[in-house]
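> Take a look and give me a structure for this.
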Amino acid sequence: MYLHIGNDMVVNTRDVVGIFDVDNTTVSRQGKSFLPLAQKRGEIIYATEDLPKSFIITENNGKHYVYISSMSTQVLLRRSALNMPE
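Residues are numbered from 1 along each chain as shown. Take a look at the predicted model:
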């Protein structure tokens, strides 16, 4: 199944490692350093030009990507739950 994360962009739900709130994760020292480090490694993909509210970490074939989204974690989690097979 696929998860729509904004701006006509989707990710495979099997590849999703985690969905994180930007405000909550950038409070800690480790959280603050994570996104700049991912940017340096070329792992950031922007699914929005608006203010980011969340980021989605994916892993596929040993490669990690961080998708920046303007959708809240609640919306993304609700969408991913709706796409999960029973």
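> Tell me which residue lies nearest the centroid of this protein.
Computing the C-alpha centroid of the chain and ranking residues by CA atoms, centre = their mean puts I56 first, at 1.2 Å.
> what sits against that residue?
L3, I5, V11, V16, G18, I19, F20, V66, Y67, S69, L76 (CB atoms under 8 Å, 6 or more residues apart in numbering). Every C-beta, even on glycine, is put in place using the N, C-alpha and C of the backbone.
> wait, the second one sits on Y67?
What that stands for is I5. Yes. Shown here, I5 and Y67 form a contact pair, counting by CB atoms under 8 Å, at 5.6 Å.
> As CSV, the contacts of I56 with secondary structure would be great.
CSV is the format used below for the contacts of I56 (DSSP: H, G, I helix; E, B strand; the rest coil):
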residue, secondary structure
L3, strand
I5, strand
V11, strand
V16, strand
G18, strand
I19, strand
F20, strand
V66, strand
Y67, strand
S69, strand
L76, helix
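> of the residues you listed, closest to T48?
S69 (5.7 Å; CB to CB).
> Surely the closest one and D50 touch.
No. Assessed by CB under 8 Å, S69 is found out of contact with D50, at 9.3 Å.
> can you pull out the helices in this structure?
In the chain, the segments counted as helices under DSSP state H are 22-25, 29-40, 73-83.
> List the buried residues of the longest one.
Judged by neighbour count (16 or more other CB atoms under 10 Å), helix 29-40 contains these buried residues: F34, L35, A38.
> what packs against it?
helix 22-25, strand 63-69 (3 or more CB pairs under 8 Å, 6 or more residues apart in numbering; DSSP states H and E).
> How about the shortest one?
In terms of contacts (3+ CB pairs under 8 Å, 6+ apart), helix 22-25 is packed against helix 29-40, strand 54-60.
> can you list those in TSV and add distance to Y46?
Listed next are the helices and strands packed on helix 22-25 as TSV, based on distance: least, CB to CB, whole Å:
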stretch	distance to Y46
helix 29-40	10
strand 54-60	10
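> Flag whichever of these has the least confidence on average.
Mean pLDDT values for these show the minimum at helix 29-40, a mean of 92.
> Just give me how far that one sits from the chain centre.
Chain-centre distance of helix 29-40: 14 Å, with CA atoms, centre = their mean, to the nearest Å.
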